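1. can you look at this prediction? I've put the sequence above it.
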Amino acid sequence: MTLTSPIVKFAGRIVIVGFGSIGQGILPLLLRHIDMKPEQISIVTAEERGHSEAEEYGIKFHRIALTRENFRSVLDPMVGEGDFILNLSVDVSSLALIKFCHTRGALYLDTCIEPWAGGYTDTSLSPSLRSNYALREAVMQHKGGFANGPTAVITHGANPGLVSHFVKQALLDIARDTGVEVQAPRNRNGWAALAQTLGIKAIHVAERDTQVSNVPKKRGEFVNTWSIDGFVGEGCQPAELGWGTHERGLPPDGRRHDFGCDAAIYLMRPGAGTRVRTWTPKEGPLHGFLITHSEAISIADYLTVWDRTSVRYRPTVHYAYHPCDDAILSLHEFAGKTWTMQPEKRLMMEEIVEGIDELGVLLMGHKKGAYWFGSQLSIHQARELAPHNNATSLQVTASALAGVIWAIENPRAGIVEPEELNHQRVLEIAGQYLGKLVGSYSDWTPLEGRGVLFPEDVDTSDPWQFKNFRVV
């Protein structure tokens with residue numbers, strides 16, 4: 001397989017819903033690796049952005065915002081048996097499109113479970129009901145009824161998505177390096193048992209974006225390397241994390257949900273206002289934001305070991321995200337304006353002059369301490385590998401591409417999460433676009449350097465307690 005070779009043939013039509021940075025970034029990869037013609041692809045998007053890029057490839061471009069009232073009438077002529085909806089939008093209900101695809105016999109993939117516009121910040125709903133946990137539960141209620149139906153791959157971008165495959169590879173690496181003889185498990189019970197055997201207590205999606213631009217951020221401007229609306233939307237949701245069995249007590253502002261799988265908790269504060277300590281190989285120790293992401297729930301749920309009706313083992317799982325420095329400034333300004341969006345938005349792309357996106361998973365508590373596995377992709381590598389991408393977007397589009405190809409190869413899988421896909425197949429396809437894939441051990445813990453300048457309330461008997469990671 002090369003960067004120019006088709007991987008799979010597809011005879012149906014693909015409708016791309018939303019055409020921001022990820023839509024524009026994945027389009028050339030679809031045409032490169034799926035044997036199909038441009039006239040088989042259509043774009044439906046609320047904004048004019050990307051129209052010239054669509055014309056460059058000869059793709060039909062429909063500027064229309066999908067709403068609760070019009071989405072069926074807009075999509076009906078475009079989607080039928082054997083077609084594909086690639087949902088890369090914001091403010092369009094994922095569940096509504098999944099149900100639509102099921103009735104039409106069409107395949108589906110998204111990178112995030114989205115509500116209709118306003119769902120993230122609807123104060124008529126409790127924090128629990130406007131969480132990713134609730135959005136996931138709403139979709140998973142249909143999993144049994146949609147079994148063996150057309151494949152709907154949910155939450156398969158970089159994270160959520162790619163990182164779940166990183167977790168599996170990291171578990172195999174740790175087993176190899178600690179003398180645990182194991183073949184790659186074939187099901188969720190096997191992966192959960194392996195995580196328990198290895199003693200994994202906490203898993204971070206630990207990301208540091210160092211991309212910088214030659215255009216400084218202005219006052220009143222939100223700058224980021226990927227979807228600004230997506231980042232702001234999830235940043236305003238409650239901070240959420242999969243909750244491990246080793247934890248000794250809920251945080252003071254922690255709450256459990258009173259429905260669903262009970263694999264996660266939420267905090268009574270937004271993710272964009274919650275920081276945690278973490279570590280990546282190039283950056284070393286850092287503070288990241290505990291932004292809610294679906295993988296924190298799905299990985300924790302997937303790696304749960306059950307003793308009949310009670311939970312015997314589960315790791316704590318959450319995102320720990322340090323965006324690019326201009327995004328940090330944007331977030332600080334946004335929070336200072338009482339979570340009111342700046343009047344201007346700018347997605348960094350051509351103006352980026354240097355930097356990498358270091359995205360991986362940090363598995364902690366095993367015999368060797370901490371192990372990070374993931375992608376170190378520079379802006380220069382990204383530009384060499386694919387057009388219309390920066391380092392951040394390419395990590396997303398590579399994973400979405402792999403998910404699309406997996407769905408075409410497995411068209412009757414029903415609703416599936418990233419953890420249910422073959423991780424080796426996904427990494428085989430996406431890996432060629434991820435720069436350097438790195439595995440690195442560390443003796444770092446969140447207790448490092450604590451209590452030196454001022455006394456701190458830490459649990460020295462177990463460094464992997466969530467209270468030790470949280471920045472207060």
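-> Received it, and whenever you're ready, just let me know what you need.
2. got a list of what the closest residue to residue 224 other than its chain neighbours touches?
-> Nearest non-adjacent residue to residue 224, counting by C-beta to C-beta, 6 or more residues apart in numbering: residue 327, 4.5 Å away. Placement of C-beta: from N, CA and C, glycine included. Taking C-beta atoms under 8 Å, 6 or more residues apart in numbering, we find residue 327 in contact with 209, 222, 223, 224, 225, 231.
3. ok, now residue 344?
-> Contact partners of residue 344, counting by C-beta under 8 Å, 6+ apart, are 218, 220, 221, 222.
4. rewinding a little: pretty sure the residue nearest to residue 224 belongs to a helix, no?
-> Yes. Per DSSP: H, G, I helix; E, B strand; the rest coil, residue 327 lies within a helix segment.
5. distance check, it against residue 231.
-> Separation of residue 327 from residue 231 (C-beta to C-beta, to the nearest Å): 7 Å.
6. equivalent analysis for residue 125, please.
-> For residue 125, the distance to residue 231 equals 21 Å [C-beta to C-beta].
7. of these two, which one has the most company?
-> residue 231 (22 against 14; other C-beta atoms under 10 Å).
8. residues contacting the closest residue to residue 196 other than its chain neighbours?
-> In this structure, residue 196 finds its nearest non-sequential neighbour in residue 313, 4.2 Å apart by C-beta to C-beta, 6+ apart. Contacts for residue 313 (C-beta under 8 Å, 6+ apart) come out as 192, 195, 196, 245, 303, 304, 305.
9. among those residues, the buried ones, what's the PyMOL command?
-> Buried subset of the contacts of residue 313, written as a PyMOL selection, criterion 16 or more other C-beta atoms under 10 Å:
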select buried, resi 192+195+196+303+304+305
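10. let's have the contacts of residue 313 in TSV, adding pLDDT, secondary structure and distance to residue 183.
-> What follows is those, written out as TSV (pLDDT from 0 to 100; DSSP: H, G, I helix; E, B strand; the rest coil; distance: C-beta to C-beta, whole Å):
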residue	pLDDT	secondary structure	distance to residue 183
192	98	helix	15
195	98	helix	15
196	98	helix	17
245	98	coil	26
303	98	coil	18
304	98	coil	21
305	98	strand	18
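11. helices of the protein, start to end?
-> Listed in chain order, the helices of the chain (DSSP state H) span 21-33, 51-56, 71-75, 94-104, 132-140, 162-177, 188-198, 228-236, 294-302, 325-336, 379-385, 391-409, 423-430, 466-469.
12. tell me which of those helices sits nearest to residue 213.
-> Closest to residue 213 of the helices of the chain, according to C-beta to C-beta: helix 325-336, at 6.4 Å.
13. buried set for the closest one?
-> In helix 325-336, residues buried by neighbour count (16+ other C-beta under 10 Å) are 325, 326, 327, 329, 330, 331, 333, 334.
14. now it against helix 228-236, angle please.
-> 50 degrees (axes from the mean of the first three to the mean of the last three C-alpha atoms, to 10 degrees).
15. run the chain-centre distance for helix 325-336.
-> Centroid displacement of helix 325-336 relative to its chain, using C-alpha atoms, centre = their mean, to the nearest Å, is 21 Å.
16. likewise stretch 124-136?
-> With C-alpha atoms, centre = their mean, you get 18 Å for stretch 124-136.
17. could I get the buried residue list for that stretch?
-> With burial defined by 16+ other C-beta under 10 Å, the residues of stretch 124-136 counted as buried are 127, 128, 129, 130, 131, 132, 133, 134, 135, 136.
18. again, but for stretch 83-91
-> Result for stretch 83-91 [16+ other C-beta under 10 Å]: buried residues 83, 84, 85, 86, 87, 88, 89, 90, 91.
19. give the bridge partners for the third one, please.
-> Using DSSP bridges, the beta-bridge partners of residue 85 come out as residue 15, residue 108.
20. buried subset of the contacts of residue 327?
-> Among these, those scoring as buried are 209, 222, 223, 224, 225, 231 (criterion: 16+ other C-beta under 10 Å).
21. keeping just the C-alphas, turn stretch 455-469 into CSV.
-> Written as CSV, here are the backbone C-alpha positions of stretch 455-469 (Å, rounded to 0.1, in the frame of the first residue of the first chain):
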residue,chain,number,x,y,z
PRO,A,455,2.0,22.4,50.7
GLU,A,456,-0.4,20.4,48.6
ASP,A,457,-3.2,17.9,49.3
VAL,A,458,-1.8,14.8,47.4
ASP,A,459,-2.2,11.1,47.9
THR,A,460,1.4,9.8,48.1
SER,A,461,0.3,6.2,48.6
ASP,A,462,-1.0,6.0,45.0
PRO,A,463,0.3,8.5,42.5
TRP,A,464,-2.4,7.5,39.9
GLN,A,465,-5.4,8.8,41.9
PHE,A,466,-7.3,11.4,39.9
LYS,A,467,-6.9,14.0,42.7
ASN,A,468,-3.2,14.0,42.0
PHE,A,469,-3.6,14.7,38.3
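22. in CSV: the buried residues of helix 325-336, plus distance to residue 176 and pLDDT.
-> Below are the buried residues of helix 325-336 laid out as CSV (distance: C-beta to C-beta, whole Å; pLDDT from 0 to 100):
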residue, distance to residue 176, pLDDT
325, 37, 98
326, 40, 98
327, 36, 98
329, 42, 98
330, 41, 98
331, 39, 97
333, 46, 98
334, 44, 97
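23. and these, which is closest to residue 402?
-> Among those, residue 327 lies closest to residue 402 (C-beta to C-beta), at 26.0 Å.
24. that closest one and residue 394, how far apart?
-> Taking C-beta to C-beta, one finds residue 327 at 17 Å from residue 394.
25. next one: residue 148
-> Separation of residue 148 from residue 394 (C-beta to C-beta): 34 Å.
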